[in-house]
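> Pasting a predicted model and its sequence here:
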Amino acid sequence: CKCNIVTELSAGLISTPVDMAEEDDKGIASVVKMLRESSESFQTDLRPGMFVFFPSIPGSGKSSLCQGLSAEMIGAGSRKLLVREGDKVPGKFYPAIEKEIMDSPSSIFVADKNVPPASWGPVSNICASNNLTAVAVLPSGSQDTSIEITCPEAFQSAKSYIFPFSLLYLAVCMKHVLQRAPNSHNGKLDSATKLACMVVVKFYCLYRGVSNDKLVERVTRSMGKGINHIVRVPFFCEEVQPKLPVDLEESLRHAITLQVLQDVRLSDVSDDSMERAEERLRSCLAKNASYLDKVVVSEDISKESLAIQLSDHIKSMKDDFVERVEEADVEMESNSIKIVSLDIQMEDIQSVVDEAICQNEHVKAFMEERETDKSNDSDNIVNGRYIKNTHCTFAHRAQMSQEEIRSKFSHMIGAEATVHAVSFLYDENVAALEISIPSTTSGDPALPVTRPMNKFPHVTVWCGKNIEAWRSNTLPAKVINKEATKVVLKSPIELKGRFGFWE
């Protein structure tokens, strides 16, 4: 029991019979007043809190993301920010942190620790018991990996296992671990660790049988009782991950095979086999170090993305806990949402294009050459065409699951937002307007706007023959390579749109 105040009661007051209490009501009133004042000064903030965790593997950069994270950065307001590193919490991690959470249930708790499937139960229990929203932080562009394993002594044909992370992600994480100075890591996993790479593989294999969709479903539908969220932070430079060098891919697949065989006890894996696999991995990683360095984004980009997305979710939190509506109570068809869009009137987009034409002779010449395309069917890609259903795509179903789409964007649907057109980009195949995205919707109340998945927020204006609208995404890179043109407008032009789901 924690006592925050101590007071003394006279023996006479304690022994006073109830029916005679009025004779000493001054003493009673004094005690009651003191108890009330004490109660008011130590009231617990009962607003719902948030539990941020990382279903990841060693070397994924979670500690770097957590380092320097502040309440101001994530817009925590009056809520406390508690960041706890798994290797520094004494005793068992989850019982220890739950005690801390119970003392401050409205806090934003960040668990700087790998949280594989085996630990999702304790996280779910903590969230359910303390009315916390669960937020899982995952790398953007996560890709399922299927590994076929042959073991003649256990089964006749090859058996396939699925994992929620790509082999490239695994390789980069291993490289990060090996870049740690010898004996520098609190968890004793660094370049001096004998089987450092195979330890990372072991963590990777803890996700055996879990696909991306299954991971997201578990977090959003089954963890705790609240409305949970997925936060995806940039990890790779490109959404479509490049192919791995053959030697590195083969060494990774071999290492995973050994670990799975050991985990499921289908075969005896010798220490020598593990050591040879470690040596092979280290050799391949060293050989391809420069390649792996080029495919990942900077730490600052990932940190900024995490802070922005956490801030969005914190702003949307209510003072009262909102329980999740179970799937059986929701009337919706799976995979019905194609995109999340900010729909803008074609006439308004055309007025901005007209302004760009007036401001720049090259834009004028470009658009005049394509004037006849205005009469073509905007849905027929055989011909050059102007886009009639003009919009800015915030997310596509190929980028995330239906659960993630609803979790991240449902609060914005039907709301209006004011954006600004800032530049006109084009090449021989496609033309688009670059737009700036506001932090909140228009109107009252102003809702937080979830950032679009695309790094280049835009509205496609025109497409050439047999060109899909998504090709607009390539324009910024082409501008850098001088394969496309960018014309910055003299001043941003205001546009109004409304958020919606395209089904």
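Perfect, I can see it now.

> Backbone dihedrals for V200, both of them.
Reported as degrees, to the nearest 10, the phi and psi values for V200 are phi -60, psi -40.

> residues in contact with it?
Residues in contact with V200 (C-beta atoms under 8 Å, 6 or more residues apart in numbering) are I57, P58, G59, L170, C173, M174, V177. For every residue, glycine as well, the C-beta is placed using N, CA and C.

> Which other helices and strands does the host helix or strand of S124 contact?
Under DSSP states H and E, the secondary-structure element containing S124 is helix 120-130. When contacts are defined as 3 or more C-beta pairs under 8 Å, 6 or more residues apart in numbering; DSSP states H and E, helix 120-130 sits against strand 49-54, helix 93-103, strand 132-139, helix 212-222.

> ok, the third one: who's next to it in the sheet?
Spelled out, that is strand 132-139. Using DSSP bridges, the strands paired with strand 132-139 in its sheet are strand 49-54 (parallel), strand 229-233 (parallel).

> ok, now how distant is the closest residue in space to S124 that isn't next to it in sequence from A484?
Distances taken as C-beta to C-beta, 6 or more residues apart in numbering place M223 nearest to S124, at 4.4 Å, with adjacent residues excluded. Using C-beta to C-beta, to the nearest Å, M223 is found at 44 Å from A484.

> Which one of those two is surrounded by more residues?
The neighbour count for M223 versus A484, taken as other C-beta atoms under 10 Å, is higher for M223 (25 against 20).

> wait, what's in contact with that one?
Neighbouring residues of M223 by C-beta under 8 Å, 6+ apart: W120, V123, S124, C127, A134.

> which of those sit farthest apart?
For the contacts of M223, with distances taken as C-beta to C-beta, the pair at the greatest spread is W120 and C127 (10.3 Å).

> Have a look at these two and say which one is more surrounded.
Higher neighbour count among W120 and C127: C127, with 25 against 20, using other C-beta under 10 Å.

> Direction included, what does the longest strand along the chain pair against?
As far as residue count goes, and with DSSP state E defining each element, the longest strand of the chain is strand 485-502. Partners of strand 485-502 in the sheet, by DSSP bridges, are strand 339-344 (antiparallel), strand 416-426 (antiparallel).

> Show me the shaky parts of the protein.
Within the chain, the segments meeting pLDDT under 70 span 1-29, 31-44, 151-158, 239, 265-267, 326-335, 398.

> Please repeat the previous calculation with a cut-off of 50.
Residue ranges of the chain with pLDDT under 50: 1-2, 14, 18, 21, 154-156, 328-335.

> Hmm, V325 and K225 touching each other?
No. K225 lies out of contact with V325 (C-beta atoms under 8 Å); the separation is 10.8 Å.

> More neighbours: which of these two?
Between K225 and V325, counted using other C-beta under 10 Å, the more crowded position is K225 (17 against 9).

> Next one: the more buried one from M367, what distance?
In this structure, K225 and M367 are separated by 55 Å, where distance is defined by C-beta to C-beta.

> Kindly report the same for V322.
49 Å.

> S124 too?
Using C-beta to C-beta, we find S124 at a distance of 56 Å from M367.

> now L167
Summarising the geometry, the distance separating L167 from M367, computed by C-beta to C-beta, is 45 Å.

> Please apply the same query to L475.
16 Å.

> More neighbours: which of these two?
In this comparison of L475 against M367, neighbours counted by other C-beta under 10 Å, the higher total goes to L475 at 25 against 21.

> Next up, the contacts around the closest residue in space to that one that isn't next to it in sequence.
If the residues on either side of it in the chain are set aside, L475 comes closest to L425, at 4.3 Å by C-beta to C-beta, 6+ apart. With contacts taken as C-beta under 8 Å, 6+ apart, L425 has the following neighbours: 431-434, 458, 472, 475-476, 479, 484-487.

> Quickly name whichever of those residues is closest to A356.
Comparing the contacts of L425 against A356 with C-beta to C-beta picks out V487 as the nearest, at 6.2 Å.

> so who does the closest one touch?
Taking C-beta under 8 Å, 6+ apart as the contact definition, V487 lies against A356, Q359, N360, H362, V363, S423, F424, L425.
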